[in-house]
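In: The sequence and its predicted three-dimensional model are supplied below.
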Amino acid sequence: MPKIFTDPAAIVDDIIRDVGSHLMVGLPLGLGKANHIINALYQRAAADRNLDLTFFSALTLEKPRPSSELEKRFIAPVIERLFGGWPDLDYAAALHKGELPPNIKVTEFFFLAGKWLRNAYAQQHYIAANYTHAASYILDRGLNVITQLVAKRVVDGETRYSLSCNTDTTLDLLRARAAGRASFKLVGQVNSQLPFMPGAGDLPASEFSAILDSPETDFPLFAPPSEPVSDTKYAIGLHAAGLIKDGGTLQIGIGQVGDALAQSLILRHRDSARFRDIAARLAPNSAMKETAPFAAGLYGVSEMVFEAFLGLIEAGVLRREVDGAVLHGAFFLGPQSFYRALREMTPVQRARIQMTAVSFTNELYGDEAARRRDRVDARFVNNTMMATLMGAAISDGLENGQVVSGVGGQYNFVAQAFALEGARSILTLESTRREKRGVVSNIRWSYGHATIPRHLRDIVVTEYGVADLRGKSDAEVIAAMLNVADSRFQDQLMRQAVDAGKLPRDHRIPAAHCDNTPARIADALRPAQAAGLLPAFPFGSDFTEVEQRLIPALESLRDASRSPLALAGLLMEGLRPGDASIQPALARMGLDHPNRFSDRLYRALLNGALKRSRGT
């Protein structure tokens, strides 16, 4: 049975006695990190250079960091409210400062998006890996300790621990240990807020060598609030919802497009006529095939489980069962309301959500015949940052080698889409992004890096429609990608393809695709938004009503700050008095009674942004 500790330093003493001075420590991805044990290990190694400590991990979570005065005024109270009791990770702070001791190493295979750009140490120690390969990589490096946050319960006098939010690689590593292919200590830290999830991650105490269990080391779970769903993301979600077959299988990747897709599927199920009407407004000439309610329902198999999946279950969209579950997942992360919903479910409800190994969700190997039978008409929906006209996708890094996030499971799901009969990979893409120099296209003629090669091109969805690329010639693929590109960039992209000899010189973009503009998307969605069918926060929000109003205003101000002329226009608009409804937002930002010149300037800019975001 495991040794029970209440002091992180004491559990570190025990780990070193058992393992020695060379510590190869596996940390779960994201939420499942045992922060107090990790910090105690870090502090011990920082004080004793005879210890050799390596953390092998992914998705190191950190509290938001404001980058401007107005952002600080907005986010500081949110950080205190939502993350105030969450213990920061010492190794992350040292990495940011460039102060990691020489006897401590940190290696990750997936970054929190954009957080480690231009950090030389993090970039140099990143490992490019499919999610399913990470376990074998750490075994090859000599894994001897796993520290993991766990849930606890006692049934008939027997204590059991749940891997809860992170069954992903830990279950695969435990299987390797059971088969004699690995030898490591599994060390748990009990967290009272972590839902006790049934299934393969429900473990007897004997699987653990030590447990940290104390009120002093309990802490609120990391709970990033849901972000508002933009017009662009809703348009993408609506297009993608028309590709999901009733009775099929659904996977959704990380990002707000997942919320948009889930809300669109719920709308399709509850009011298919309204769904078809919105789809027709978005793409008048499209022949969207899948618009009916879900009679048989969907089965979910997704490495990441997030709050939108609970909405799909509640709405009856996700209800096709496989081995008693409507959803199999490998890790979860979300707002406090999501964790609370999982904790408050009845045992029968919770049993329909089974957390399992990432090798199960992301691969067909193992009981392949059963997985092929269960994953009928699968749709794997994942976000990508950029795509080329010939169908390659860029999802993890830049052409200069800087890693933005990681491959994760995306390549696995694309491969499944080609291995399973009737399955499709759907890569969702915002057609443009804003940079300092202005708006740029996310659809490129070519790019010096790819996550998904063009020979695995399948379906790409932007806010302007669906490009079905599978089995098409290069010229057909280019034409389809041009049709879903922003019209501000179509001519330039077409010229590049023609000049390269990949598109006929007489090619013309069809008239139906020549008005691909944000204004058209906004006009198409406006009636549905007015009717409350496409809410900014479809599955609730931890932001207050005033904060929800401030978010689009601050986004408008951020966009205007890239152009002196736009910023001046916002300032002039804000110098005119606003109505009383703006006062709560100004008060929330501490700008209702400005004294300093800088505060008066911020007030005017925010006043203008609030007016503009409200459309007044």
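Out: Received the coordinates, thanks.

In: Flag the shaky bits of the chain, pLDDT-wise.
Out: 614-616 (pLDDT under 70).

In: contact partners of the helix or strand where Leu601 lies?
Out: Assigned by DSSP states H and E, Leu601 belongs to helix 597-614. With CB atoms under 8 Å, 6 or more residues apart in numbering as the test, helix 597-614 has contacts from 69-70, 549-550, 552-557, 560, 567, 569-575, 578, 582, 585-586, 589-591, 594. For glycine as for every other residue, the C-beta is placed from the backbone atoms N, C-alpha and C.

In: His36 contacts Gln189, doesn't it?
Out: Yes - if you go by CB atoms under 8 Å, His36 and Gln189 touch, sitting 6.1 Å apart.

In: what is in contact with the two at once?
Out: 212, 217.

In: Of these two, give the one with the bigger neighbour count.
Out: Gln189 (27 against 23; other CB atoms under 10 Å).

In: Quick one: residues contacting that one.
Out: Contacts of Gln189 (CB under 8 Å, 6+ apart): 34-37, 147-150, 211-213, 217.

In: Run me through the strand neighbours of the helix or strand harbouring it, direction for each.
Out: Applying DSSP H and E as the criterion places Gln189 in strand 185-190. Counting by DSSP bridges, the strands paired with strand 185-190 are strand 145-155 (parallel), strand 210-212 (parallel).

In: got CSV for those strands, with distance to His513 too?
Out: What follows is the strands paired with strand 185-190, written out as CSV (distance: least, CB to CB, whole Å):
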stretch, distance to His513
strand 145-155, 49
strand 210-212, 58
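
In: closest to Asp7 out of those?
Out: Nearest of these to Asp7, taken as CB to CB: strand 210-212 at 8.1 Å.

In: from the chain's centre, how far out does the very next helix or strand once past that closest one sit?
Out: Going down the chain from strand 210-212, the next helix or strand is helix 231-241, by DSSP H and E. Relative to its parent chain, helix 231-241 has a centroid offset of 16 Å by CA atoms, centre = their mean, to the nearest Å.

In: all strands for the stretch 301-450 of the chain, in order.
Out: Taking DSSP state E, counting those that start in this stretch, the strands of the stretch 301-450 of the chain run over residues 327-332, 353-355, 378-383, 386-388, 393-394, 424-428, 432-435, 438-441, 443-444.

In: if I pick Phe331, what's in contact with it?
Out: 28-32, 165-168, 303-305, 355, 358.

In: try Ala553
Out: By CB under 8 Å, 6+ apart, the contact list for Ala553 reads 585, 606, 609-610, 612-613.

In: Assign a three-state SS to it, would you?
Out: Under DSSP: H, G, I helix; E, B strand; the rest coil, the three-state class of Ala553 is helix.

In: before we move on, what about Val78?
Out: Applying three-state DSSP: Val78 is helix.

In: Please list all residues in contact with Leu173.
Out: Residues near Leu173 by CB under 8 Å, 6+ apart: 26, 135, 138-139, 143, 146, 182, 184.

In: run the last query once more with 6 Å
Out: By CB atoms under 6 Å, 6 or more residues apart in numbering, the contact set of Leu173 is Ala135.

In: How about Asp592?
Out: Leu586 are the contacts of Asp592 under CB under 6 Å, 6+ apart.

In: in what helix or strand does it lie?
Out: Here Asp592, judged by DSSP H and E, is contained in no helix and no strand.

In: can you give me phi and psi for it?
Out: Backbone geometry at Asp592, expressed as degrees, to the nearest 10, gives phi -80, psi -30.

In: Look up how far Ser613 lies from it.
Out: Going from Asp592 to Ser613 by CB to CB, to the nearest Å gives 18 Å.

In: Could you do Leu601 as well?
Out: From Leu601 to Ser613 the distance is 19 Å (CB to CB).

In: more neighbours, the two?
Out: Just comparing Leu601 and Ser613: by other CB under 10 Å the higher neighbour count belongs to Ser613, 18 against 14.

In: who's in contact with stretch 473-482?
Out: By CB under 6 Å, 6+ apart, stretch 473-482 touches 389-391, 443, 467, 469, 490, 494, 497, 502-503, 509.

In: give the contact list for Leu250.
Out: If a contact means CB under 6 Å, 6+ apart, then Leu250 has 298, 300, 379 as its contacts.

In: so which helix or strand takes in it?
Out: Per DSSP H and E: strand 249-252 holds Leu250.

In: starting at the chain centroid, how far to that strand?
Out: With CA atoms, centre = their mean, you get 14 Å for strand 249-252.

In: Partner strands of it, with direction?
Out: The pairing partners recorded for strand 249-252 under DSSP bridges are strand 299-305 (parallel), strand 378-383 (parallel).

In: Domain map for this protein?
Out: In terms of domains, the chain is parsed into 3-217, 231-519, 545-614 (source: automatic domain parsing).

In: could those domains go into JSON lines alongside distance to Leu534?
Out: Listed next are the domains of the chain as JSON lines, based on distance: least, CB to CB, whole Å:
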{"stretch": "domain 3-217", "distance to Leu534": "24"}
{"stretch": "domain 231-519", "distance to Leu534": "5"}
{"stretch": "domain 545-614", "distance to Leu534": "14"}
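
In: Which of those domains sits closest to Pro538?
Out: Evaluated over the domains of the chain, closeness to Pro538 peaks at domain 231-519, with 3.9 Å, by CB to CB.

In: Pull up the distance across that closest one, start to finish.
Out: Counting by CA to CA, to the nearest Å, you get 10 Å between the two ends of domain 231-519.

In: Please apply the same query to stretch 345-364.
Out: The first-to-last residue distance of stretch 345-364 comes to 30 Å (CA to CA).

In: List the neighbours of that stretch that are in contact with it.
Out: For stretch 345-364, the external contacting residues (CB under 6 Å, 6+ apart) are 131-132, 167-169, 171-172, 197-201, 301, 303, 325-330, 371, 409, 412, 419.

In: So which bits of it are buried?
Out: Of the residues in stretch 345-364, 345, 350, 352-364 count as buried by neighbour count, 16 or more other CB atoms under 10 Å.
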